[in-house]
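K.L.:
this one's sequence-less:
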């Protein structure tokens with residue numbers, strides 16, 4: 001209860017100080033993302049622990065379920081974007097997420113050992129995570145030009161990594177004391193605090209940004225799909241997302257299997273995943289402050305090519321030294337690179353695109369398309385692993401995929417440099 005009250009009281013204090021220094025909107029953007037990711041990383045270890053307890057074989061069925069739920073939610077989201085002004089859509093989404101988390105806390109209190117409830121929570125968190133982050137970056141792309149996005153997105157992402165540090169620390173410390181239900185309630189409080197920051201930011205923007213926030217985005221999910229196929233930039237971003245999703249799912253399944261062997265109990269696995277997330281976000285924070293601004297300033301496409309090259313070398317290492325420590329090291333490295341360089345670079349590419357691409361096509365790529373690739377990877381994992389040793393097969397596949405993704409990033413460089421016309 002004390003932590004919940006502190007999280008809610010912290011927001012107006014930070015915003016008041018930021019307003020006093022004349023840096024309200026910049027600080028609010030960083031604190032907004034920090035609160036969102038702190039909430040997510042509080043419940044992510046719970047989700048991963050419950051999923052590992054269901055068995056690695058269940059992951060492919062869960063990923064298919066996530067795809068189905070994502071498709072349904074995408075249709076609803078497209079309707080909301082075309083109906084509700086963005087100044088209300090963004091904060092209200094996070095209030096709704098908080099209410100659902102509180103509902104799950106109550107359900108787990110009543111049925112703590114339900115496998116159906118554990119599967120339902122996994123499905124919800126998987127969908128919630130993508131829409132939460134994608135909506136945030138859509139909002140940020142709406143506020144900045146392409147040049148400004150390349151300068152600021154790395155630092156805004158660093159605010160998220162700070163929240164990503166706070167979440168695992170709280171989860172690791174309180175997982176055994178308050179259980180999953182307590183972590184869910186604390187995460188709900190952080191999301192409510194985030195919605196307060198979103199309202200403040202809408203008010204602080206003024207001028208053109210304030211007027212844009214009053215508008216809706218016309219068109220439905222079909223229009224979003226058409227834009228992705230027509231746009232050279234959107235289609236290449238989708239390919240990069242697909243490659244990252246498939247490779248990430250292969251690693252996720254192997255890490256889940258290793259976690260069950262290392263920690264048979266739910267509390268132990270929750271602490272294990274929390275510690276991993278802590279390392280990921282600590283390292284990502286360093287990269288975002290020291291390296292990301294320089295790399296993003298040199299170009300979005302160039303940064304994405306570098307990310308793909310690192311991916312290829314990381315999987316080559318897994319193929320050569322196929323042990324659990326190397327697996328965990330590759331998992332941590334690629335998550336750090338994705339959060340600090342890959343995701344901010346892809347999102348910065350949307351800054352020069354029309355509103356329909358930022359809110360409609362982007363969310364379609366980041367949610368339904370991403371989860372479709374996840375589902376495909378969940379079923380394809382068995383085929384890849386059957387070729388030989390799982391680590392060796394996945395390592396070779398990842399190394400080759402990294403080369404292909406680098407080629408896709410090169411194509412994105414030329415498209416962004418020539419400023420080709422995009423569908424409106």
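P.N.:
Noted; the coordinates are in hand. Treat the numbers as computed from the prediction; the structure is a model and nothing was measured.
K.L.:
only C-alpha atoms for contact and neighbour calcs from this point on.
P.N.:
Will do.
K.L.:
and stretch 100-116, how far from the chain's centre?
P.N.:
24 Å (Cα atoms, centre = their mean, to the nearest Å).
K.L.:
quick one: residue 409 and residue 292, what's the gap?
P.N.:
Distance of residue 409 to residue 292, given as Cα to Cα, to the nearest Å: 17 Å.
K.L.:
Just the buried residues of stretch 304-314, please?
P.N.:
304-314 (16 or more other Cα atoms under 10 Å).
K.L.:
any idea of the mean pLDDT for the strand or helix carrying residue 178?
P.N.:
Per DSSP states H and E: residue 178 is located in helix 146-205. Averaging pLDDT along helix 146-205 gives 76.
K.L.:
Which strands or helices does it pack on?
P.N.:
When contacts are defined as 3 or more Cα pairs under 8 Å, 6 or more residues apart in numbering; DSSP states H and E, helix 146-205 packs onto helix 2-20, helix 24-54, helix 86-110, helix 266-290, helix 292-298, helix 343-348.
K.L.:
ok and the helix or strand just after the third one relative to helix 86-110, angle-wise?
P.N.:
Going back to what we said before, that points to helix 86-110. Following helix 86-110 in sequence order, the next helix or strand is helix 115-143 (DSSP H and E). For helix 115-143 against helix 86-110, the angle by axes from the mean of the first three to the mean of the last three Cα atoms, to 10 degrees is 160 degrees.
K.L.:
From the contact counts, what lies against helix 115-143?
P.N.:
Judged by 3+ Cα pairs under 8 Å, 6+ apart, helix 115-143 is in contact with helix 24-54, helix 58-83, helix 86-110, helix 343-348, helix 362-364.
K.L.:
Who are the contact partners of the nearest residue to residue 241 once chain neighbours are set aside?
P.N.:
In this structure, residue 241 finds its nearest non-sequential neighbour in residue 370, 6.5 Å apart by Cα to Cα, 6 or more residues apart in numbering. Residue 370 is in contact with 241-242, 245, counting by Cα atoms under 8 Å, 6 or more residues apart in numbering.
K.L.:
and if you look at residue 327?
P.N.:
Contacts were defined as Cα under 8 Å, 6+ apart; by that measure residue 327 touches 251, 254-255, 318, 391.
K.L.:
Show me which of residue 409 and residue 292 is the more surrounded one.
P.N.:
Using other Cα atoms under 10 Å as the criterion, residue 409 and residue 292 rank with residue 292 on top: 29 against 25.
K.L.:
The more buried one contacts residue 340, doesn't it?
P.N.:
Yes: Residue 292 is in contact with residue 340 according to Cα atoms under 8 Å; the separation is 6.7 Å.
K.L.:
before we move on, back to that, turn the contacts of residue 327 into CSV, including pLDDT, distance to residue 65 and neighbour count.
P.N.:
Output for those, formatted as CSV (pLDDT from 0 to 100; distance: Cα to Cα, whole Å; neighbours: other Cα atoms under 10 Å):
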residue, pLDDT, distance to residue 65, neighbour count
251, 90, 19, 22
254, 87, 20, 19
255, 88, 21, 18
318, 92, 30, 25
391, 84, 26, 24
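K.L.:
Farthest pair within the residues you listed?
P.N.:
For these, the maximum inter-member distance is 12.9 Å, found between 255 and 318 (Cα to Cα).
K.L.:
Nearest residue to residue 246 in space, please, no chain neighbours.
P.N.:
Distances taken as Cα to Cα, 6+ apart place residue 377 nearest to residue 246, at 5.0 Å, with adjacent residues excluded.
K.L.:
what's the neighbour count on residue 178?
P.N.:
12.
K.L.:
do residue 265 as well
P.N.:
For residue 265, the count of nearby residues is 14 (other Cα under 10 Å).
K.L.:
Got the phi and psi for it?
P.N.:
phi -100, psi 150 (degrees, to the nearest 10).
K.L.:
likewise residue 264?
P.N.:
phi -70, psi -20.
K.L.:
so what pLDDT did it get?
P.N.:
79.
K.L.:
how far away is it from residue 272?
P.N.:
From residue 264 across to residue 272, the span is 11 Å (Cα to Cα).
K.L.:
Comparing the two, which shows the higher neighbour count?
P.N.:
residue 272 (20 against 13).
K.L.:
Contact partners for that one?
P.N.:
When contacts are counted by Cα under 8 Å, 6+ apart, residue 272 touches 45, 259, 263.
K.L.:
surely the first one meets residue 271?
P.N.:
In other words, residue 45. Yes: counting by Cα under 8 Å, residue 271 is a contact partner of residue 45 at 7.2 Å.
K.L.:
Between those two, which contacts overlap?
P.N.:
Residues touching both residue 45 and residue 271 (Cα under 8 Å, 6+ apart): residue 171.
K.L.:
Mind checking which of those two has more residues around it?
P.N.:
Taking neighbours as other Cα under 10 Å, residue 45 and residue 271 compare with residue 45 leading, 29 against 23.
K.L.:
which residues touch the more buried one?
P.N.:
Going by Cα under 8 Å, 6+ apart, residue 45 touches 168, 171, 269-274.
K.L.:
again, but for residue 392
P.N.:
Each residue near residue 392 by Cα under 8 Å, 6+ apart is listed here: 318-320, 322.
K.L.:
Kindly recompute the last result at 6 Å.
P.N.:
Going by Cα atoms under 6 Å, 6 or more residues apart in numbering, residue 392 touches residue 319.
K.L.:
what do you get for residue 269?
P.N.:
Residue 269 is in contact with 49, 263, counting by Cα under 6 Å, 6+ apart.
K.L.:
about what we covered before: now, which of the contacts of residue 45 sits nearest residue 158?
P.N.:
Nearest to residue 158 among these: residue 168, at 15.7 Å, using Cα to Cα.
K.L.:
How about that closest one: what's its closest non-neighbour residue?
P.N.:
Closest to residue 168 by Cα to Cα, 6+ apart is residue 274, at 4.7 Å.
K.L.:
Neighbour-wise, which one of the contacts of residue 370 leads?
P.N.:
Counting neighbours by other Cα under 10 Å, residue 242 leads the contacts of residue 370 with 22 neighbours.
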